[in-house]
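Visitor: Below is the sequence, then the predicted model.
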There are 2 protein chains.
Amino acid sequence: MEKPLSGRFRVLDSIRRGGPISRVEIADACGLSRSAVTGVVQALQNEGWIAELPESGNNGTNGTNGDSHRGRPRVNLDMNPAAAHVLGVKLSLHRMSVAVTDFRGDVLHTTTLPFNGSQHPDIAADMIEVGVRRCLIEAKIDKSRVLGLCVAIPGYINNLEGMCYWSPIFDRDDVAFGPLLAERFPFPTSIENDANMVTLAEHWFGEGRNLSNFAVVTVEHGIGMGLVTHDRLYRGHNGIGPEFGHAKIEFSGRACRCGQLGCVEAYASDYAILRQVLPHFSLDSYSQDPKAYHVEIERITAEAKAGDQSLAGEFAKAGRILGRAIGNLIATLNPPKVIVTGEGLRAGDMLFEPLVAEARKLQLAGNRFETDIVAHLWGDDVWARGAAALVLQQAYMDPGAPIVEQAGNQAIV
Amino acid sequence: MEKPLSGRFRVLDSIRRGGPISRVEIADACGLSRSAVTGVVQALQNEGWIAELPESGNNGTNGTNGDSHRGRPRVNLDMNPAAAHVLGVKLSLHRMSVAVTDFRGDVLHTTTLPFNGSQHPDIAADMIEVGVRRCLIEAKIDKSRVLGLCVAIPGYINNLEGMCYWSPIFDRDDVAFGPLLAERFPFPTSIENDANMVTLAEHWFGEGRNLSNFAVVTVEHGIGMGLVTHDRLYRGHNGIGPEFGHAKIEFSGRACRCGQLGCVEAYASDYAILRQVLPHFSLDSYSQDPKAYHVEIERITAEAKAGDQSLAGEFAKAGRILGRAIGNLIATLNPPKVIVTGEGLRAGDMLFEPLVAEARKLQLAGNRFETDIVAHLWGDDVWARGAAALVLQQAYMDPGAPIVEQAGNQAIV
């Protein structure tokens, strides 16, 4: 059996989501008994992760507490966001973003540096070291207050073993990147697939915030997917997540960059659209120059939005095909919600409206409960917040040595 | 957040899976601390659900215990299977099976009665009452010793609310069948989709026994699916599970009985194969006479196995298409294992070999970890064991009043 979500995690996560919140409300939110909650809360207060906010007589300010508390002030609890910090790094083909967040996962500062794909792993690790140092200096945060670091990487990533089996980021396969990172930093480090990061960010802060089960589809250069079931990120076989971009839409269809035919990303990703509209498009030449690639897809999107009917038609076609794939995803999982996100959503309703229409058409008549399909355009901090969530998840699970002096409590009381 | 699997569930399930087993081994298996295990074990012993089996000096008989216990006999724990009983009922278009199991989920007795689909819900409930009474009489089990009853129904079932939105079993939609059952029995009752039952049976007793994540594909009259993630049955939106049979293989393909085009079950289910090989096949006429339908598909399968190349080719085609759908399922979920089961597997390797070959062809080159695809032909008791697992899951989760006198312990000591 998997290790369960600890009582400590359940209480901290309920306070993060609902704070300021009373002990009774925490018990309701996290499915634990009131006495169990009381014990965990006491330990978390002693360690400085949360603090009490006594209310001055006026009950029920957050509208959820109907109990009467005559003569006894209601006591709310909230996170101590300054109790610790975590670092998130996102590596893409043309840049590196480093962000530092507080103990609640709110981004405090971001540093961006140039980065190119197909990199030697040692050099990538060196550059992360430089970026992290600069980010902490700029944010005036000492590394002794950092709980951990997570690096988001596109490709086949095994989070548990720190292995990268394949990524456009590196110049080779089968990189044990986790150990390379671990020897450079005094705090715990990890790596994770970037679509999983977005999925965690949706679960902790976004459209999946109040859901135990939902799917995320990311539309970018390629097409990715993440999944939360039973309140937890689903990782597939050997820690490697879904490869939804390579689910087939037409079994003898268009060639995909993976070498197979008819994958959804061969129709609906950024590269698939560029390939349809640029006469001399070559994925190889653009992988030498990812910046030019981004300029091109943004230009084409703008022209389509400005009224170019032929270009707009390509985005609509891409949306319809993605809608078919999402229809199959719904048949396979029937999740309450599918969140569509990623830079490909820059195309807006040109892509998203045909997507939803097609997915709806494929819904079975007998199914009375439509899966909600929503578009969610994040800012650049989504990766950082997902990475923060991954580190915080671990920190919430198990009691570690408190890294913060009690004075940290002053931040919120 | 979902209610967590309780410590009680984790301990009981570890004993069921691994017994006889020591407290230390239980703690390892279920992810709890040794002190937590000790407390739960004490309560379970007091209530008569488990019992101690003292060993006479000879340590490590089950080969998993390397500790030395000089001077102190190692104490193992095991289930008390006679502590209670549960009932499982399977309704299909041509018969009803009622089974009673012990507290470990082993089937003690099965009773089969004729049943026809498109039934009035009151009549179906009456017939279940008759079948249950007969099964308990034949097995010589008093109803006071029954923990609960679960009824497996094909169709759109919401287990939590006891609602059947659609099923070929009933003559109408939106049947609140849960309440109809509840008023007939002195113990808790529930209903569940039949593919979910098979999935639970695989998780508790079968090919998914040691896995936290896996998928099950059922091939019968139609095609169904079930999914376990994070050690729990995944239920989709509003408790309604996947409709994998209606994932599309070809978007303008063959007509499906659901009214849409290109669904996998329009190519690979029993009815799809019959439709291809019988000149005057009509689904409507066979739904009037489900027994004749079963006779036909069994006859055709036998002729194909006996050497009819044309018929054998139809099964191979069905297998290839199902392999494509399973390829997409693997792209979407990357589970460690896909278990293919159901009466459609009577066709054996004629269907299963092309299925695996096609799914393998669709695997991405970069993915080093093949999903295991296995065929699992159950006996008739699979539904009963799944239904038993569903009832036992609830009984393991929460302490109920002990329904058994202490003498029950004698069964295993």
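Guide: In hand now; what should we look at?
Visitor: Show me the strands in the stretch 151-300 of chain A, by range?
Guide: Here the stretch 151-300 of chain A has its strands, by DSSP state E, counting those that start in this stretch, at A:156-158, A:163-166, A:189-193, A:214-219, A:223-229, A:232-233.
Visitor: Out of these, which is closest to residue B:96?
Guide: Proximity to residue B:96 (Cβ to Cβ) singles out strand A:223-229 among the strands of the stretch 151-300 of chain A, at 32.8 Å. In short, each C-beta sits where N, CA and C put it, glycine included.
Visitor: Which one of the strands of the stretch 151-300 of chain A lies nearest to residue B:211?
Guide: Closest among those, using Cβ to Cβ: strand A:223-229, at 14.4 Å.
Visitor: Which neighbouring elements make contact with the closest one?
Guide: Where contact means 3 or more Cβ pairs under 8 Å, 6 or more residues apart in numbering or on different chains; DSSP states H and E, strand A:223-229 is packed against helix A:194-205, strand A:214-219, helix A:309-333.
Visitor: Ok, which of these comes nearest residue B:234?
Guide: Closest to residue B:234 of these, according to Cβ to Cβ: helix A:309-333, at 7.7 Å.
Visitor: Would the closest one count as contacting chain B?
Guide: Yes - Helix A:309-333 comes into contact with chain B (Cβ under 8 Å from any Cβ of the partner chain), by way of A:324, A:327-329, A:331-333.
Visitor: Check which residues of that helix are buried.
Guide: Buried residues in helix A:309-333, defined by neighbour count with 16 or more other Cβ atoms under 10 Å in any protein chain shown: A:311-312, A:314-333.
Visitor: Average pLDDT for it, rounded please.
Guide: For helix A:309-333, mean pLDDT is 97.
Visitor: Mind giving me the packing neighbours of it?
Guide: Applying 3+ Cβ pairs under 8 Å, 6+ apart, one finds that helix A:309-333 contacts strand A:214-219, strand A:223-229, helix A:265-268, helix A:270-277, helix A:290-305, strand A:337-341, helix A:349-361, helix B:309-333.
Visitor: For those, which has the smallest mean pLDDT value?
Guide: helix A:290-305 (a mean of 90).
Visitor: Return the list of helices and strands in contact with it.
Guide: Applying 3+ Cβ pairs under 8 Å, 6+ apart, we find helix A:290-305 packed against helix A:270-277, helix A:283-288, helix A:309-333.
Visitor: what number of residues lie near whichever residue of the stretch 251-400 of chain A sits closest to chain B?
Guide: Closest residue of the stretch 251-400 of chain A to chain B, Cβ to the nearest Cβ: residue A:334 (2.9 Å). Using other Cβ atoms under 10 Å in any protein chain shown, residue A:334 has 26 other residues around it.
Visitor: thought it was touching residue B:243?
Guide: Yes - applying Cβ atoms under 8 Å as the test, residue A:334 and residue B:243 come out as touching, 6.6 Å apart.
Visitor: I'd like to know how far residue A:249 sits from residue A:12.
Guide: Distance, residue A:249 to residue A:12, by Cβ to Cβ, to the nearest Å: 42 Å.
Visitor: got it, and residue A:392?
Guide: Going from residue A:392 to residue A:12 by Cβ to Cβ gives 8 Å.
Visitor: Same question for residue A:196.
Guide: According to Cβ to Cβ, residue A:196 and residue A:12 sit 21 Å apart.
Visitor: swap in residue A:50?
Guide: In terms of Cβ to Cβ, residue A:50 sits 7 Å off from residue A:12.
Visitor: Mind listing the shared neighbours of these two?
Guide: Among the neighbours of residue A:50, those also in contact with residue A:12 (Cβ atoms under 8 Å, 6 or more residues apart in numbering or on different chains) are A:44, A:79.
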